[in-house]
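Dropping a prediction and its sequence here:
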Amino acid sequence: MPRKSEIAKPKASDSKKAPKSKKGKGELLPITSTRRWSNQEIAALLDRIGDILAIEGENRFKIIAYQRAADVIEHSSRGIQDVWQGDPANLRAIDGVGEAIAEKLDELFRTGQMGYYEKIRAQIPEGLVDMLAIPGVGPKTVSKFWKDFNITTLDGLKAALEDPAKNLPGIGDKTIENLKQGISAIGLHTTRVRLAVAAYFAQELIAALETATGNAIKNISPAGSLRRLRPTIGDLDLVVASHKPELVLETFVKLPQVREVLGHGPTKATIVAHNGIQCDVRVLEPERWGTALQYFTGSREHNIRTRDIALKKGLSLSEWSFTRIKSEKEILCATEEQVYELLDMDWIPPELREATGEIEAAQQHKLPKLIRLEDLKGDLQCHSKWSDGAATIREMAEGARARGLKYIAITDHSKGLGVANGLDARRTREQWKEIDKLNHEYQGAFRVLKSVEVEIRADGTLDQPDDLLAGYDIVIATTHSALNQSREKITERVLRALHHPLVDIFGHPTGQLIGTREPSALDLEVVFRAAVETGTILEIDGSSERMDLTDVNARRAVELGNKLVIDSDAHNPDGFDDLRWGIAMARRGWVTKADVLNTLEWDDLRKRLKRNATRA
């Protein structure tokens, strides 16, 4: 059952890694000194600066700083110009906004101009940035179009693709086809936000509303797709139980997070927040809480099924109550358990309410006991400063311990992933010494595992030699490059890695980045069966940018007999909080504790690894 604090406390940003640049935001509005700036417009401007710097080949840390500030500002629930209040020091208090960016924003708000942006904008053709909206096209490619072929606009690239042999000499047929497909895909992404962004913002609204209304709220919960923990969320829905709906709604529309009020009635209000998210709040009497929460949680298909069951029992079910059809007598339900009990069903966890067999299971009292966050004993994918992480191994270990974990695997990248400062053999052995020293200090109270996120090369070979792989406690293999390979090629590539005796886990299998990179064409059915055959464990990567495996794929994997691990892919200590999103995908996929191996103590998990079974 939901409680007032059903979702964890909000953070300034849910992302543990440097955020990806936002594309497809549309044209920037002209800079003037007379207009207010929305968070989205400010974020677009900072993103544009980051894009220009990337095309020019500027220092990547400088680029990341602008991208991270853009991400934080875009998803901030308060208007950044309101936070400013004429003092740049107020801006520096925002996570991700350093002194240099704060000064530039201060200039923008005071004068309507940002001299730095005007300067760098004049250094490249304006149309180059638009080409970054093409999926799979990065700054280096755009720079090549410009400098090698004098192509400076998206339309110019489209025209060049009509006769690529003449206009784009040296560019392969596969690349040409990818460019054509990429251009046709521009604009297809929705405006939905990631689950983590929506969840933290919902919790922020809930906390603000509870604080401002005193004891008026008896219960409050997210509903809709957020409560069902879908990977992306459109509009937010909050359901409130209160005998004072006027007070609750009047307070809600005046919260500092509100940019615009779209509607305000006696039981419902709709607003748009400064971060662009629309939110509906509905208030009903506490006696009607159960039916209201059940109805507004959905899904639509689940609700249709439950209403049909009610009708067969002579009842009409709405958000307000059950009503006996013959007598028109109301039956109020203060809890969801009462709703499902009247339907002769067990209470169904919200994550399962997608009309995919949960109703039949509830009727037969055969719902699975879903995995919980507290079931996890360890995290088998996280990163440190040795590679592309932001913290030391000790800091990562302490962050994990603070969250109740008993072990972590430091899976810094292998050398082939140069952009992530991957480790070669020499640095790997130096890292092992640091891990040994730390484990000696912990004296068994906590364990840091020697591990690696080894790259599966385009031909299926691994990015480290076998003698080095044999020295790790556990190895996770992943793909980051050549993700646009054909279905046959990328499947063959992964199968080769799965059959390697020292690959224990196949990590974030499809390589997706939600909203920015589609899943690879990998034949997951073939991969899942091979994983069972070879004893390779499959990962649910809980990163809010990945959530890969998805719920559907996780469910199928378990049906075929696969074992899973749920990891955070943390790049700093706060990143361990992303385990909850991996748990969300697992629960939506009907996964139980028994299906997930990092619910075991390390000594028990170690015995289940392919490498140790092979040696036995």
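Arrived safely, thanks for sending.

mind checking pLDDT for Asp71?
If you check Asp71, the pLDDT there is 77.

Could you list the buried residues of the one helix or strand it maps to?
In this structure, Asp71 is located in helix 60-74 according to DSSP states H and E. Judged by neighbour count using 16 or more other C-beta atoms under 10 Å, the buried positions of helix 60-74 are Ile63, Ile64, Ala65, Tyr66, Gln67, Arg68, Ala69, Ala70, Asp71, Val72, Ile73, Glu74. Every C-beta, even on glycine, is put in place using the N, C-alpha and C of the backbone.

How about stretch 52-61?
Buried-residue list, stretch 52-61, by 16+ other C-beta under 10 Å: Ile52, Leu53, Ala54, Ile55, Glu58.

Got the domain ranges for this structure?
When the chain is parsed with automatic domain parsing, its domains come out as 1-184, 190-284, 292-367, 373-615.

Mind giving me the packing neighbours of the helix holding Asp71?
Contacts defined by 3 or more C-beta pairs under 8 Å, 6 or more residues apart in numbering; DSSP states H and E place helix 60-74 against helix 39-55, helix 99-111.

rerun at 6 Å
In this structure, helix 60-74 makes packing contacts with helix 39-55, judged by 3 or more C-beta pairs under 6 Å, 6 or more residues apart in numbering; DSSP states H and E.

Give me the contacts around the helix it packs on.
Contacts made with helix 39-55 from outside it, assessed by C-beta atoms under 6 Å, 6 or more residues apart in numbering, are listed as 21-22, 25, 28, 63, 66-67, 69-70, 73-74, 76, 80, 117, 120, 124, 128-129, 132, 139, 142-143, 274-276.

and His365, how many neighbours?
Applying other C-beta atoms under 10 Å, we find 9 other residues in the vicinity of His365.

would it count as being in a strand?
No. Judged by DSSP: H, G, I helix; E, B strand; the rest coil, His365 forms no part of a strand; its state is coil.

Over to the residue of the chain most remote from its centre: give its phi and psi.
In the chain, the greatest distance from the average C-alpha position (C-alpha atoms, centre = their mean) is reached by Ser327, at 48.8 Å. Backbone torsions for Ser327, taken as degrees, to the nearest 10, come to phi -100, psi -10.

With Pro231 instead?
Recorded main-chain torsions at Pro231 are phi -60, psi -30, according to degrees, to the nearest 10.

can I assume it is in contact with Asp548?
No. Taking contacts as C-beta atoms under 6 Å, Pro231 lies outside contact range of Asp548: 9.4 Å.

Between the two, which is the more surrounded one?
It is Asp548, of Pro231 and Asp548, that has more neighbours when counted by other C-beta under 10 Å, with 25 against 22.

For the more buried one, give me the pLDDT.
In the prediction, the pLDDT value recorded for Asp548 is 94.

and what of Lys166?
For Lys166, the pLDDT comes out at 87.

How about Arg288?
We note a pLDDT of 97 for Arg288 in this prediction.

May I have the residues that are in contact with it?
If you count contacts by C-beta under 6 Å, 6+ apart, Arg288 has them with Trp320, Leu332.

Wasn't it part of a strand?
No. In this structure, Arg288 is helix, not part of a strand, as judged by three-state DSSP.

Quick check: which element contains the residue nearest to Gln363 when sequence neighbours are not counted?
Nearest residue to Gln363, sequence neighbours excluded (C-beta to C-beta, 6 or more residues apart in numbering): Met345, at 5.4 Å. Using DSSP H and E, Met345 falls within no helix or strand.

Met345 reaches His365, doesn't it?
No. Counting by C-beta under 6 Å, Met345 stays clear of His365, with 8.6 Å between them.

Quickly list what Leu238 is bridged to.
The residues paired with Leu238 through beta bridges, assigned by DSSP bridges, are Pro222, Val281.

Now do it against Leu209, distance only.
With the distance defined as C-beta to C-beta, to the nearest Å, Leu238 ends up 8 Å from Leu209.

Overlap in contacts, these two.
Jointly contacting Leu238 and Leu209 under the rule C-beta under 6 Å, 6+ apart is no residue at all.

Report all helices and strands that the helix or strand hosting Trp581 contacts.
Assignment of secondary structure by DSSP H and E places Trp581 within helix 579-588. In this structure, helix 579-588 makes packing contacts with strand 537-541, helix 551-559, judged by 3+ C-beta pairs under 6 Å, 6+ apart.

Would you mind writing the CA trace of that helix as PDB?
Provided in PDB are the C-alpha atoms of helix 579-588 (Å, rounded to 0.1, in the frame of the first residue of the first chain):
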ATOM      1  CA  LEU A 579      19.100   0.700  -7.900                       C
ATOM      2  CA  ARG A 580      15.400   1.600  -7.300                       C
ATOM      3  CA  TRP A 581      14.800   2.100 -11.000                       C
ATOM      4  CA  GLY A 582      16.300  -1.300 -11.700                       C
ATOM      5  CA  ILE A 583      14.000  -2.700  -9.100                       C
ATOM      6  CA  ALA A 584      11.100  -0.900 -10.800                       C
ATOM      7  CA  MET A 585      11.800  -2.600 -14.100                       C
ATOM      8  CA  ALA A 586      12.200  -6.000 -12.300                       C
ATOM      9  CA  ARG A 587       8.900  -5.600 -10.400                       C
ATOM     10  CA  ARG A 588       7.100  -4.600 -13.600                       C
END
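
center of this protein, which residue is that?
Within the chain, the residue whose C-alpha comes closest to the C-alpha centroid is Ser544; the distance, by C-alpha atoms, centre = their mean, is 1.9 Å.

What's the local residue count around the closest residue to that residue other than its chain neighbours?
Nearest non-adjacent residue to Ser544, counting by C-beta to C-beta, 6+ apart: Ala196, 3.6 Å away. Around Ala196 there are 29 other residues, counting by other C-beta under 10 Å.

Make sure Ala196 is indeed in a strand.
No. Secondary structure assignment (three-state DSSP) places Ala196 in helix, not in a strand.

which ones among the contacts of helix 39-55 are found in strands?
Judged by DSSP state E, the contacts of helix 39-55 include no members of strands.

State the helix or strand in which Glu398 lies.
In this structure, Glu398 sits in helix 393-402 according to DSSP H and E.

pull the CA atoms of that helix into CSV?
Taking only C-alpha atoms (Å, rounded to 0.1, in the frame of the first residue of the first chain), the coordinates of helix 393-402 have been written out as CSV:
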residue,chain,number,x,y,z
ILE,A,393,36.8,3.5,-4.6
ARG,A,394,36.7,4.2,-0.9
GLU,A,395,34.0,6.9,-1.4
MET,A,396,32.0,4.4,-3.6
ALA,A,397,32.3,1.7,-1.0
GLU,A,398,31.2,4.0,1.8
GLY,A,399,28.2,5.2,-0.3
ALA,A,400,27.2,1.6,-0.8
ARG,A,401,27.6,0.7,2.9
ALA,A,402,25.4,3.7,3.9
